[in-house]
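K.L.:
Just need the structure, nothing else, for what follows:
(2 chains)
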Amino acid sequence: MKFTLSWLKDHLETDASLNEIVERLTSIGLEVEHVDDRSSLKPFVIAKVLAAVQHPDADRLRVLTVDAGDGKAPVQVVCGAPNARAGLIGAFAAPGTYIPGIDVTLTVGKIRGVESHGMMCSERELELSEEHDGIIDLPADAPVGTSFAAYAHLDDPVIEINLTPNRPDATSVYGIARDLAASGLGRLVGGAIMPHAGSGMCPVKVTIEAPELCPGFALRLVKGVKNGPSPKWLQQRLIAIGLRPISALVDITNFVTFDRGRPLHVFDANKVAGNLTVRRARDGEKVLALDGREYTLTPDMCVIADQDGVESIAGIMGGEHSGCDENTTDVLIESALWDPITTARTGRTLGIISDARYRFERGVDPEFMVPGVELATKLVLDFCGGTPTETEVVGYAGHAPKIVSFPLSEVRRLTGTEVPLEESLAILSRLGFKPDGAGDVVNVAVPSWRPDVDGKADLVEEVMRIHGVDNIAPQPLGAHDAVNAKILTVLQVRTRAAKRALAVRGMMEAVTWSFIPAKHAEPFGGGQTALKLANPIAADMSDMRPSLLPGLIAAAQRNADRGIGDVALFEVSGTYEGDAADQQRRVAAGVRRGTAKLEGSGRHWAGNAGPVGVFDAKADAIAALEACGAPVERLQIEAGGPAWYHPGRSGTIKLGPKVILGTFGEFHPKTLEELDVSGPLCGFEVFIDAVPEPKVKPTRTKPRLELSGFQAVKRDFAFVVDKAVEAGTLTRAALAADRKLITNVSVFDVFEGASLGAAKKSIAIEVSIQPVERTLTDEDFEALAKRIVENVHKQTGGVLRA
Amino acid sequence: MSDMETLENSLMSDISSAADEQAIEAVRVSALGKKGSVSEMLKTLGSMSAEERQIKGPAINGLKNRITEALTARRAELKDAAIASRLAAEKVDVTLPVRQSPAERGRIHPISQVSDEIAAIFGDLGFAIAEGPDIETDYYNFTALNFPEGHPAREMHDTFFFQPDEKGDRKLLRTHTSPVQIRTMEVQKPPIRIVIPGKTYRQDSDATHSPMFHQVEGLVIDRSANVANMKWVLEEFCKAFFEVRQVKMRFRPSFFPFTEPSMEVDIQCDRSRPGEVRFGEGSDWMEILGCGMVHPNVLRYGGLDPDEYQGFAWGMGIDRIAMLKYGMPDLRAFFDADVRWLSHYGFRPLDMPTLFAGLST
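P.N.:
A predicted model of the protein is given here:
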């Protein structure tokens, strides 16, 4: 919502400065977004052309001698305007002036060999209009040497308000003035409208066939008008707020729209065939609107039609066919009420943004429907002459004001501040509310221009914003009287712990898009219809991600494309198995690319980092699970994983037969091809919401530490097994040989070679033995070793390597 | 010179010229071994007369002791020399670089770090952290938050929708974290003090808008929480978060469907230095959050009687306050995973924000 200071002062009698007004507007909830004090026009002065002679070298140029009225010698100006002549008085810009219309700062220059010390400007060069046929030509009495902007009343500051959608009343200069006056910044004036009785019935009849979309319609004919340009002051105001003056009749509708928030429409009566009908559009019905575009309508939309078809899209834009032009002699002035929701939806569907829609979708004042016609009539008579008929009003049942029961104590209850009862009532009255009754609870009638006010909380807001939010002193929120307990849920703690644990492993936390390209989602099990956006912002942000991996892999590739090929990235965030709340998973995932290993990447004098692989991803996955409190000693690693992994270089982490905690591995070459990425890459995903919640224990005491006094012993074994035997099976078998004495089994060597025979390998393990009751004898060790060898043989078929 | 003196000179010379442990041992054996020269002399004592033994005994024993001492001393010398030469051989170039610790290389994203900072502050004020799903229903995202059907405020949200199901209902990506207000009220009776961080989505993209962004929402509901309390909470938060002693905030009446009265909050700052914002000083105002008293209709949708319970809520962009505090110029870079950006603007994993040690120092 834009307006000028002088326009505001039509309705607000005030001594307040521009700054005070601007600050007050913001503090009462009409946030000022921009103020243009028109200082860009300040350098232009009124100057007189003393002489104009032909340029020696150019047919179309003249050399002017210009008196800028500054008491100095006249200056020489080269000018190409056809109307440049001796005696002309116009707007002069000295060197150094910025000319907005041509985006140039003037310098002294030579034009075809003749020096020019400034410029006589056209209206377009000052961005006043499109006029560029000649330079500005002022009356002979224009005071030379004074400000052109002041003389032409162009120094009127323009204020733009960022209006919230709840305030239809402030879509008008008058409504804004009412708010300012209520806040004590002046007196509200200029609201009275003298009705014009008119003579005779309006010959065009109106039938409302869709009363649910049109709760009222007023129409009046003015005959014998002359539609020329509107007065200069009106044109200047419209230009100042960014509207193009068209003709008196059209400018009047725009003026009333902004002055009173009352959009109007004018039809050229001689182009309207028969009577008018307000109805739903027929499916596929077309109309050429005033913006020159043709729109196809649906029955969800409301139109005004004559017997030939649609003449106007109700509440949004008139039709080209019956629009007024310079030949219009008889004009129909329409002022109607339109359903806000229908107006908003129609505007959205058709993609039309108009000043009428802006107001109707917020809700215009129903009680100003008829006064709106009267105001327009008066302006038409003033500017264009003519004879009005009576106003025909159809379908309007009158306005029954909402009554809100308002306990005045609500102000204190909600704001924490005491506003004197009388002040609360006075504020409401100044805003047009009508409080009725004395005592602690009053009935407040809501004015017709405030459809946003429904209940007592709304009235508290009215009192608060006018009383001043700054006048509310902060009060501490009741403090807690004990030390805080933990505030994070288990899942939140895990999320946080997983992030820190992975970052400590040299990985960088990425935050990637929740929506990814369909061709990235599909290879990872996504792409379901339920997870496709109907209106993605870009084609490659269309599908909710089924996994964090495609986003991370793509991110790693982007870094590689920038020349950084060794990257380790992770993310702990949501993935989507479906569109239900419980189908959003919390996942920790990471990828390593190139040589981005835990210890470091790239070449190093002490040893180069090799390419990343499945075991790097496995270590990351287990670290993340461990940070989340998963029972690491009970995790089972199964070979193989989902299809996007390398089938021989991937694994699945399980807890028991059913619970899958994660997957890890190198990627399938086809997956990499589908994602259009390359390079050594590995990754993992762990489902941190699948880790069982730990039992709540009554105490934080750790289990007692039992330390054996007997010396721990290590024994090595090397087994020859079939290649297919998994190391995990072998170590489990060794461990199971004596769960009491054997504390750990680790693999320290894996060897394949011709000496072992085809399809064989050797796995060497170190078994840690901790005697608990007594020192073990040689016989004890022999017996234990025998059990280990037997158990391994039973489980894996392996034999001790010779 | 007596034989003994000659022998002693010879042995001493052998000892001092012995170059290693083996040589010194050879000298020891030749002198003090079973058949060693000094041992042989000692054997002669037995066949001497008492008088002669009285003279020769101490002399020979003295010789033995001196030789023994000399051997010990030379041994120590040789050992020191051997250590010194080993050490000299073991010298390395300590200026060679070592690999950086992974804990120093890794980074926490600013969004996570700032979320932790927020949790630290509100945890101290007695708030819990609540969360909710990204894919929401129209009911939780709009209807229950008092957005009437067809209201222009819905349009302002630039919502991402999914395809409608068989019943014509379409899910959407939440446009704010406020649905969690309703989800919380449904399962928890007041008093409620929660903050809700999370991902939010709107169809918008430029240097300060991104189709995915992060919000943190706050909600207090009890029997007395009011605008004055809200001003206090938000001022305390801003002081603690921006780590300044004073902030000046401007509460402007505004409009949100789910609060009444509603306000937007500007914070005073100094933006005169390029790329840097200082809070608690200066003459600029910057919008930082929206807030208000929970709308009676929202309380009703949450199953609470607005005449019995009241409260306030606020929301702000995590990304935005991260940008303001730490100076990242462009929101889009948050989601690009450029490791140069992460390395520069990210946080070291062991830098955990706490109030007792400072949020960021």
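
K.L.:
OK, contacts around the closest residue to residue A:501 other than its chain neighbours?
P.N.:
The shortest distance from residue A:501 to any non-neighbouring residue, by C-beta to C-beta, 6 or more residues apart in numbering or on different chains, is to residue A:627 (3.4 Å). For every residue, glycine as well, the C-beta is placed using N, CA and C. By C-beta atoms under 8 Å, 6 or more residues apart in numbering or on different chains, the residues touching residue A:627 are A:494, A:497-498, A:500-502.

K.L.:
Go through those and say which is closest to chain B.
P.N.:
residue A:500 (4.9 Å; C-beta to the nearest C-beta).

K.L.:
Buried residues in stretch A:153-164, which are they?
P.N.:
A:154-161, A:163-164 (16 or more other C-beta atoms under 10 Å in any protein chain shown).

K.L.:
So which of the residues you listed is the closest to residue A:485?
P.N.:
Closest approach between the buried residues of stretch A:153-164 and residue A:485, by C-beta to C-beta: residue A:164, at 39.8 Å.

K.L.:
Report the contact partners of that closest one.
P.N.:
A:29, A:31, B:254-255.

K.L.:
Equivalent analysis for residue A:110, please.
P.N.:
residue A:116.

K.L.:
repeat for residue A:194
P.N.:
Counting by C-beta under 8 Å, 6+ apart, residue A:194 makes contact with A:374, A:378.

K.L.:
Can you give me the pLDDT of it?
P.N.:
As predicted, residue A:194 sits at a pLDDT of 89.

K.L.:
For it, grab phi and psi.
P.N.:
When read as degrees, to the nearest 10, the backbone of residue A:194 gives phi -90, psi 120.

K.L.:
What strand or helix carries residue A:657?
P.N.:
Using DSSP states H and E, residue A:657 falls within no helix or strand.

K.L.:
measure it to residue B:131 for me?
P.N.:
31 Å (C-beta to C-beta, to the nearest Å).

K.L.:
Counting neighbours, go ahead and name the busier of the two.
P.N.:
residue B:131 (19 against 6; other C-beta atoms under 10 Å in any protein chain shown).

K.L.:
if you skip the residues just before and after it, what's nearest to the more buried one?
P.N.:
Take residue B:131 and drop its neighbours on the chain: the residue closest to it by C-beta to C-beta, 6+ apart is residue B:198, 5.9 Å away.

K.L.:
list the contacts for the one you found?
P.N.:
Residue B:198 touches B:131-132, B:134, B:174, B:177, B:180, B:214-216, counting by C-beta under 8 Å, 6+ apart.

K.L.:
Checking it next. Helix, strand or coil?
P.N.:
strand (DSSP: H, G, I helix; E, B strand; the rest coil).

K.L.:
So what pairs up with it in the strands?
P.N.:
residue B:215 (DSSP bridges).

K.L.:
which one's the longest helix in chain A?
P.N.:
helix A:778-796 (DSSP state H).

K.L.:
Partner strands of the very next helix or strand once past that helix and their direction?
P.N.:
Later in the chain than helix A:778-796, the nearest helix or strand by DSSP H and E is strand A:799-800. Partners of strand A:799-800 in the sheet, by DSSP bridges, are strand A:713-722 (antiparallel).

K.L.:
I would like the residues contacting the strand it pairs with, please.
P.N.:
A:730, A:734, A:748-749, A:756-757, A:759-771, A:776, A:781, A:785, A:788-789, A:792, A:796-801.

K.L.:
and the closest residue to residue A:251 other than its chain neighbours, helix, strand or coil?
P.N.:
Excluding the flanking residues, the one nearest residue A:251 by C-beta to C-beta, 6+ apart is residue A:230, at 3.9 Å. The three-state assignment at residue A:230 reads coil, by three-state DSSP.

K.L.:
And for residue A:266?
P.N.:
With three-state DSSP as the criterion, residue A:266 reads strand.

K.L.:
which residues sit in contact with it?
P.N.:
Residues near residue A:266 by C-beta under 8 Å, 6+ apart: A:249-250, A:252-253, A:318, A:324, A:331-334, A:376.

K.L.:
which residues does residue 196 contact?
P.N.:
Using chain A. Residue A:196 makes contacts with A:374, A:377-378, A:381, A:388, as judged by C-beta under 8 Å, 6+ apart.

K.L.:
not quite, I wanted chain B
P.N.:
When contacts are counted by C-beta under 8 Å, 6+ apart, residue B:196 touches B:129-132, B:177, B:180-181, B:184, B:215-219.

K.L.:
So which of the residues you listed is surrounded by the most neighbours?
P.N.:
residue B:181 (31 neighbours).

K.L.:
So that one sits against residue B:217, correct?
P.N.:
Yes - if you go by C-beta atoms under 8 Å, residue B:181 and residue B:217 touch, sitting 7.0 Å apart.

K.L.:
Give the intersection of the neighbour lists for those two.
P.N.:
Shared contacts of residue B:181 and residue B:217, defined by C-beta under 8 Å, 6+ apart, are found at B:196, B:313.

K.L.:
residue ranges with poor pLDDT in the chain?
P.N.:
Using chain A here. A:479-481 (pLDDT under 70).

K.L.:
that answer is for a different chain, and I need it for chain B
P.N.:
Short version for chain B, where the test is pLDDT under 70: B:1, B:150, B:152-153, B:155-156.

K.L.:
Mind checking what helix or strand follows the lengthiest helix in it in sequence?
P.N.:
Secondary structure of chain B per DSSP H: the longest helix is helix B:50-90. Next in sequence after helix B:50-90, counting helices and strands by DSSP H and E, comes helix B:102-105.

K.L.:
next one: that following helix to chain centre, how far?
P.N.:
10 Å (C-alpha atoms, centre = their mean, to the nearest Å).

K.L.:
ok, is it in contact with chain A or not?
P.N.:
Yes - part of helix B:102-105 sits near chain A under the criterion C-beta under 8 Å from any C-beta of the partner chain, namely B:102-103, B:105.

K.L.:
what about residue 147, how many residues close to it?
P.N.:
Went with chain A since none was named. 17.

K.L.:
wrong chain, I was asking about chain B
P.N.:
Using other C-beta under 10 Å, residue B:147 has 22 neighbouring residues.

K.L.:
which residue ranges form the strands in the stretch 1-150 of chain A?
P.N.:
A:2-4, A:12-13, A:32-36, A:45-54, A:62-67, A:75-79, A:89-93, A:98-99, A:104-105, A:109-111, A:114-116, A:119-120 (DSSP state E, counting those that start in this stretch).
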